[in-house]
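Trainee: Predicted model follows, preceded by the sequence.
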Amino acid sequence: MKSERRLLDPFVCVILYLLTLFSCCYANDESHSETIDFPNIIQNAKDRNFPALIFVKPIVEEYSSGKKTHQEVFGSGVIISPDGYAVTNHHVIDKAVSINCVLYDKRQVTVQLIGSDKDTDLALLKLPVEQSQKFPFAEFNTSPVSEGDFVMALGSPFGFQRSISLGIISNAQRYLGFDTEYKYNTWLQTDAAINPGNSGGPLIDIDGKIIGINTLGLSGAGLGFSIPADVVKNIVEQLRDTGKVQRSVTGLRLQPLHDFHSNTFIEHDYGVLISGVEENSPAARSGILAGDILLEINTQKVDGKFAEMLPRIWQSLAALQLDKSVSLTILRSGQSQTIQLLPEEKGKIEGEDYDCSRWNMTVKEINKYQNAKMHYMHGEGVYIQGLKYPGNANNSGLQEKDIIVKIGKQEITTIGQLKEVYGRILADSEREKKVMIEVKRNGLRKWIVLDYRKDYEEQD
């Protein structure tokens, strides 16, 4: 600990000197009567939040190499209640088989995953409590923030425990949902350093309160993104109550009326453009068309003039009751009309993984949220996600992203069917160790003989 302090002190001293110099210049300006004591602010924020900061060390399953492996990854988190609830990112603990955390007092403990939400990239952990033990925790501040506000990012970048970096809010409502799944909220953009390992740590204000959870960063670009505190609190409450976040889906794809990305500008006082409709979705069955303008949801006006307004609309659609028809008012060819739609529950947002270890390949279910293009072209099914090299599947000519259509004479549309066929084939000790597999590759069907006579697992 002392050697770490010696390494950091020169850099910290320079930063504190510059901040003190800025504070003095700021105080000498006749238009300002208060002195901003940045060194003291940083020290107080550190003292207040470092005890609540946790170093998250999950052991996760990995399938991309063509076999199931386990590896330790690193991230950050923050304790948010005296009884040991803590927040981190979903991507930090995704596919975790166990989660260890290092606390402020250097103890390593195994924690429980209460639930996670991929759509907002948040997860809720629970630390083990001994008798009447109370944990140090950080508080939220859900008040609006503004561009230029000073902030500090806490976490464990690159696996180095407990770090603090300083910056400002660069944009208080950055929308990242154009080509990503992050459409349910806007983001806090900051130039405070957010590096790999900072994920899940808190972004705090000058009062030492959490205004966001650090999630994304572009190394070397000075761009970091945090999930706003009000979104975090809402998701945490749902995860604590039910262990999951339930959302309705309609099959609508939305685009702002004034879309600067595509230079699309539609003049209307309110509403949002329906840019697309998913096949076999509630919206498609209700007759909604791409190009319609959504004006109202259950008589409530929709305002989607600009991109940063879209998350509120997505939240409204996700909150629709599953067993109750909803009235959507749309504008089509200059005429408004009301359409009834029955929402569906959003299902799994990622397919199941499976390791066909004797064949030296891993497979995965096609999921319409994670593999939208593949799902659109093929529908339900299973595809090859990884090949071991050297290995039987690779040697036989199978390729990653091949969609498995048949194994022998058995059609494959689910991971359950594949498991059953794979298990049955391996259990038959009398059969020749070859199997015919039909795959779809680039839209074309191919028959490939998988020869698995060689046992590469024994050679490892």
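Mentor: That came in fine, so what should we check first?

Trainee: only C-alpha atoms for contact and neighbour calcs from this point on.
Mentor: Fine.

Trainee: Between its first and last residues, what's the separation in stretch 390-397?
Mentor: Across stretch 390-397, the straight-line distance between its terminal residues is 12 Å, by CA to CA, to the nearest Å.

Trainee: what's that stretch in contact with?
Mentor: Defining contact as CA atoms under 8 Å, 6 or more residues apart in numbering, one finds that stretch 390-397 is touched by 358-361, 387-388, 448-454, 456.

Trainee: mind redoing it with 10 Å?
Mentor: Here stretch 390-397 makes contact (CA atoms under 10 Å, 6 or more residues apart in numbering) with 66, 356-362, 384, 386-389, 398-400, 448-457.

Trainee: Of those, select the buried ones using a PyMOL command.
Mentor: Selecting only the buried entries of the contacts of stretch 390-397 in PyMOL, with 16 or more other CA atoms under 10 Å as the criterion:
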select buried, resi 66+356+357+358+359+360+361+362+384+386+387+388+398+399+400+448+449+450+451+452+456
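
Trainee: Can you pick out the ones from the contacts of stretch 390-397 that are in helices?
Mentor: Secondary structure assignment by DSSP state H places 456-457 of the contacts of stretch 390-397 in helices.

Trainee: Where does the closest residue to Phe158 other than its chain neighbours fall, secondary structure wise?
Mentor: Of all residues beyond its chain neighbours, the one nearest Phe158 is Gly197 (5.0 Å), with distances taken as CA to CA, 6 or more residues apart in numbering. Per DSSP states H and E: Gly197 is located in neither a helix nor a strand.

Trainee: circling back to that earlier point, please flag which of the contacts of stretch 390-397 sit within strands.
Mentor: Those of those mapping onto strands are 356, 361-362, 384, 386-387, 448-451, per DSSP state E.

Trainee: So in this protein, which strand runs the longest?
Mentor: The longest strand of the chain (DSSP E) is strand 163-174.

Trainee: how far is it from where the chain is centred?
Mentor: Between the centre of strand 163-174 and the centre of its chain there are 19 Å (CA atoms, centre = their mean, to the nearest Å).

Trainee: Can we start the residue count at 452 from this point?
Mentor: OK, 452 is where the count begins now, so the last one is strand 614-625.

Trainee: other SSEs contacting that strand?
Mentor: Here strand 614-625 touches helix 489-500, strand 601-606, strand 638-641, strand 653-655, strand 674-679, going by 3 or more CA pairs under 10 Å, 6 or more residues apart in numbering; DSSP states H and E.

Trainee: Can you give me the buried ones in it?
Mentor: Under the neighbour-count criterion of 16+ other CA under 10 Å, strand 614-625 has 614-625 buried.

Trainee: before we move on, what about stretch 686-703?
Mentor: Within stretch 686-703, the residues that qualify as buried are 686-687, 689-691, 694-696, 698-703, counting by 16+ other CA under 10 Å.
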